[in-house]
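J.: need coordinates for the below:
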Amino acid sequence: MKSRRTFIKRMSLAGSAGALVPGVLSANEDSTQPTSIMRNEKAPKVLFFDVNESLLDLAAIKSSIGKSLNGREDLVPLWFTTMLQYSLVSTTARQYADFGAIGMATLKMVAANNGIELSDDDAKAAVSPIKSLPAHSEVKEALALIKKAGYRMISLTNSSNAGVAAQFENAGLTEFFDERLSVEDIGKFKPHTDVYDWAARKVGVKPEECMMIAAHGWDIAGALWANWRGAFIARPGQQLYPLAPLPEINEPDLLKIANRLVALKR
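T.: Below is the predicted model of the structure:
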C-alpha cells in the first residue's frame, strides 16, 4: 500500500509540473500538439525568404492554371500539392528536375485524372505566368524596413536560378536582397534538411543563426527541424503543420513580421 501511495503521489506531482517544466505533459495535454520553441530575443544573423506565395502573389498563376483545367479552379490546390509531392519524390529518389518542369508534368497528371486533355504547349503556357508575378501589397515596404534595420537578406527558393532572377526583376525585389539561393545548386528540394544545412554553410553561419520566413507550413517545419528559427506568414489558406514545433513569429503579413524583426535589433 505504501508503494502504491508513493506512486500515485509521484504521478500527481508530475501532472502538476507539466505546465511548468518543458517536456513534461500533464494529464490534460495532448502529446501530438506542437510545442513552441523558446522565445529568442536575439536578432538572427541571416534572414532567408521563401519566394512563391511568401513574397509573390500567386493569383495570376492560379487563374492561368484554372483556365487550363477547363475552368476548374477547384483543382488548383490539388495541382500545387501534387507538384510539391513529386518534387519530394524526385529528392527521395536522388533525381532532380527544374521546378517548372515538375509543375508542367504534374499539371498534365491532374488534367488526365479529371478527363481534361492538355498538351505540352498548353501546360507550358499555363505555368508561364510564374515568372511575372507581382509582390504582395505589403512586401516592398516590409523588405525596406528589414533592410534598413541592417539584416542580411537572402532568398531561398525551390525555383531555378534563372526563374527567381526573372521573378525578382519583374516584381521589383532585386535591390532588397544580398544574395539569391536556389535548390537547383544542391539538386534537392525544400523541405529536405540537406537544403537548410547547405544554405547555412553557403553563407557561413550556424543553423541556429538562420531564420526562415515563409508562408508554407512545410517550409517552416523543415527549417525548424534543421535547427533554424522561423517566422510564419499566415496568408489566407496557409497553416502551420500541427506536428512540428511552433515558430517564434506568426503574423498574418510580412509587414507585421518586419516590425517584430526591427524590434529585435533595438
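
J.: so what's V46 scoring on pLDDT?
T.: For V46, the pLDDT comes out at 98.

J.: is L181 in a helix, a strand, or coil?
T.: strand (DSSP: H, G, I helix; E, B strand; the rest coil).

J.: using the three-state scheme, assign the nearest residue to R180 once chain neighbours are set aside.
T.: Nearest non-adjacent residue to R180, counting by Cβ to Cβ, 6 or more residues apart in numbering: S155, 4.8 Å away. All C-beta spots, glycine's among them, are computed from the backbone N, C-alpha and C. Following three-state DSSP, we place S155 in the strand state.

J.: quick one: residues contacting S155.
T.: 48-51, 55, 164, 168, 177, 179-181 (Cβ atoms under 8 Å, 6 or more residues apart in numbering).

J.: surely Q239 is in contact with H216?
T.: No. Taking Cβ atoms under 8 Å as the definition, Q239 is not a contact partner of H216, at 9.4 Å.

J.: looking at those two, which is more packed in?
T.: Using other Cβ atoms under 10 Å as the criterion, Q239 and H216 rank with H216 on top: 23 against 9.

J.: roughly how far apart are the more buried one and L133?
T.: In this view, H216 and L133 are 16 Å apart by Cβ to Cβ, to the nearest Å.

J.: just to revisit the earlier point, return the subset of the contacts of S155 lying in strands.
T.: The strands, defined by DSSP state E, take in 48-49, 179-181 from those.

J.: so how many other residues sit close to the closest residue in space to D122 that isn't next to it in sequence?
T.: Spatially, and ignoring its direct neighbours in sequence, D122 is nearest to S68 (5.8 Å; Cβ to Cβ, 6+ apart). S68: 23 surrounding residues under other Cβ under 10 Å.

J.: show me where the stretch 1-150 of the chain has strands.
T.: Ranges of strands in the stretch 1-150 of the chain, per DSSP state E, counting those that start in this stretch, are 46-49.

J.: mind checking which of the ones in strands among the contacts of S155 are buried?
T.: Neighbour-count burial (16 or more other Cβ atoms under 10 Å) applied to the ones in strands among the contacts of S155 gives 48-49, 180-181.

J.: so who does F189 touch?
T.: Counted by Cβ under 8 Å, 6+ apart, F189 has contacts 87-88, 90-91, 99, 158, 183, 195.

J.: let me redo that: A97
T.: A97 neighbours (Cβ under 8 Å, 6+ apart): 90, 105.

J.: returning to what we had before: and the residue nearest to R180, how far is that from D219?
T.: Taken as Cβ to Cβ, the span from S155 to D219 is 12 Å.
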